[in-house]
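Visitor: Using only what follows, build the 3D model:
(one chain, ligands or ions: 1)
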Amino acid sequence: MIPKKIRTAVFPVAGRGARFLPATKASPKEMLPIVDKPLIQYAVEEAIAAGAEKLVFITSSSKQSIENHFDRNPELEHALSESGQNNLLSIVKKIVPPNIACIYIRQGAPLGLGHAILCSQSVVGNEPFFVHLADDLINSEIPCLEQMRKYFELYNASLLGVEYVHDEDIHRYGIVATEVDSSGASRVTKIVEKPALKDAPSNLAVVGRYIFTPEIFKKLSLIKFSVDNELQLTDAISSLINDEPVYVLPFDGTRYDCGSKLGYLKATVQYGLEHAEIGVKFSEYLKNITKPQNK
Ligand code: UTP
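Guide: Now for the predicted structure:
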């Protein structure tokens with residue numbers, strides 16, 4: 001019997017971030033800030049809010065700033081303390097609570113999301129776990145992974161975060177077909193990676209939030225290179241649905257694809273408007289620059 005408590009979150013952060021070049025040439029996409037926090041910190045906060053205690057980052061040689069971000073920085077802390085900037089000092093010290101373990105595993109080459117997740121097997125062990133893709137930023141009242149954790153506790157099966165996408169975006173996602181099974185939940189019956197519109201089984205796209213039972217590792221170890229010449233997580237899920245139920249959750253919230261320039265800008269505007277320190281002034285500024293000009 002699979003335990004119901006999810007203790008581990010896996011963050012694959014070893015991708016190339018090609019859509020965001022040149023910004024991602026020397027610094028990771030996941031360290032791009034939305035207002036004043038990097039994407040990966042939003043990701044970590046969401047996972048911790050859903051109960052994760054062990055954070056596993058799948059990294060690569062160019063991603064050391066992620067490790068540094070979640071580590072202590074005695075020199076900076078000393079300087080902030082000496083200059084009496086106690087508010088900033090507390091922000092810097094609180095990035096990861098002391099009971100949380102951060103573990104870093106190198107993915108030698110970006111062979112695909114499926115391969116990245118397989119790299120976490122020895123650390124995750126025989127337990128269910130979260131997978132969180134930091135470039136999918138989700139703004140919601142209840143953090144998305146927390147919504148998924150609650151659902152997982154009801155059904156004790158793998159779960160994919162999904163949302164409807166427009167026809168023209170279908171070719172960018174894993175697309176699922178589902179049916180309601182005897183438990184009353186929507187079960188995946190088919191999943192296709194980046195299909196052409198004519199081959200898509202629906203408009204329901206998998207986005208960057210997952211809960212997996214450890215059975216996924218067996219499937220990941222068997223997949224072959226496929227779409228984009230990568231080891232695709234979608235292929236492992238496609239095999240998993242033959243052996244056990246995989247459900248979908250259309251979560252509440254707005255998702256921003258921060259791996260794309262437009263999605264990143266939309267997120268920056270939304271989080272800027274909601275920001276306690278600058279929200280009001282930013283809103284006034286936006287109203288001003290979007291006001292129709294009198295000719
Ligand atoms: P993406 O395809 O969105 O990210 O992969 P990418 O490859 O970094 O970006 P583009 O498409 O080139 O702009 C989804 C997630 O999987 C991770 C990425 O870091 C991202 O969070 N990933 C992808 C890995 O960790 N390893 C890989 O080999 C591939």
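Visitor: what's the residue most central in space within the chain in contact with, if anything?
Guide: Centroid-nearest residue in the chain, with Cα atoms, centre = their mean: Leu133, separated by 2.2 Å. Counting by Cβ atoms under 8 Å, 6 or more residues apart in numbering, Leu133 touches 11-12, 43, 113, 207-209. C-betas here are computed from N, CA, C, even on glycine.
Visitor: what's around the closest residue to Phe217 other than its chain neighbours, how many residues?
Guide: Of all residues not flanking Phe217 in the chain, Gln121 sits nearest, at 4.6 Å (Cβ to Cβ, 6 or more residues apart in numbering). Using other Cβ atoms under 10 Å, Gln121 has 18 neighbouring residues.
Visitor: Quick check, pLDDT for Gln121.
Guide: Gln121 carries a pLDDT value of 98.
Visitor: now swap in Val227 and tell me
Guide: Here, the pLDDT recorded for Val227 equals 89.
Visitor: For burial, what's the neighbour tally of it?
Guide: Val227 has 14 nearby residues by other Cβ under 10 Å.
Visitor: Just give the closest residue to it, not the sequence neighbours.
Guide: Glu193 is the one closest to Val227 (Cβ to Cβ, 6+ apart), at 4.6 Å.
Visitor: where does the one you found sit relative to the ligand, distance-wise?
Guide: Per Cβ to the nearest ligand atom, to the nearest Å, Glu193 is found 11 Å from the ligand.
Visitor: what bridges to that residue?
Guide: Gly174 (DSSP bridges).
Visitor: List the contacts of the closest residue to the ligand within the stretch 1-150 of the chain.
Guide: Going by Cβ to the nearest ligand atom, the ligand is nearest to Gly15 of the stretch 1-150 of the chain, at 2.1 Å. Counting by Cβ under 8 Å, 6+ apart, Gly15 makes contact with 29, 110, 113, 116.
Visitor: if we can go back for a sec, so which of the contacts of Leu133 comes closest to Thr268?
Guide: Ala43 (16.3 Å; Cβ to Cβ).
Visitor: That closest one contacts Phe130, doesn't it?
Guide: No - counting by Cβ atoms under 8 Å, Ala43 sits too far from Phe130 to count as a contact (10.0 Å).
Visitor: now the strands: where do they sit in the chain?
Guide: For the chain, strands defined by DSSP state E occupy the ranges 8-12, 33-34, 37-38, 54-59, 101-106, 129-132, 136-139, 158-164, 174-180, 186-193, 204-212, 246-250, 254-257.
Visitor: Just the CA atoms of the longest one, as PDB, please.
Guide: If I follow you right, that is strand 204-212. Listed next in PDB are the C-alpha coordinates belonging to strand 204-212 (Å, rounded to 0.1, in the frame of the first residue of the first chain):
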ATOM      1  CA  LEU A 204      -7.100  19.300 -22.000                       C
ATOM      2  CA  ALA A 205      -3.400  20.000 -21.500                       C
ATOM      3  CA  VAL A 206      -1.100  18.800 -18.800                       C
ATOM      4  CA  VAL A 207       0.800  21.600 -17.100                       C
ATOM      5  CA  GLY A 208       3.700  21.700 -14.700                       C
ATOM      6  CA  ARG A 209       2.100  20.000 -11.600                       C
ATOM      7  CA  TYR A 210       2.000  16.300 -10.900                       C
ATOM      8  CA  ILE A 211       1.700  13.800  -8.200                       C
ATOM      9  CA  PHE A 212       3.100  10.300  -9.000                       C
END
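Visitor: returning to that earlier point: keep only the contacts of Leu133 that also lie close to the ligand.
Guide: Near the ligand, taking Cβ under 6 Å from any ligand atom as the test, the members of those found are 12, 113.
Visitor: that older thread, count of neighbours near the residue nearest to Val227?
Guide: 21.
Visitor: for it, what are its contacts?
Guide: 174, 226-227, 232, 234-235.
Visitor: taking those residues one by one, which sit in helices?
Guide: Counted as lying in helices by DSSP state H, out of the contacts of Glu193, are 234-235.
Visitor: Can you give the contact residues for the lengthiest helix in the chain?
Guide: Using DSSP H, we find that the single longest helix of the chain is helix 261-274. For helix 261-274, contacts defined as Cβ under 8 Å, 6+ apart pick out 19-20, 32, 34-35, 137, 139, 254, 256-258, 278-279, 282-283, 286.
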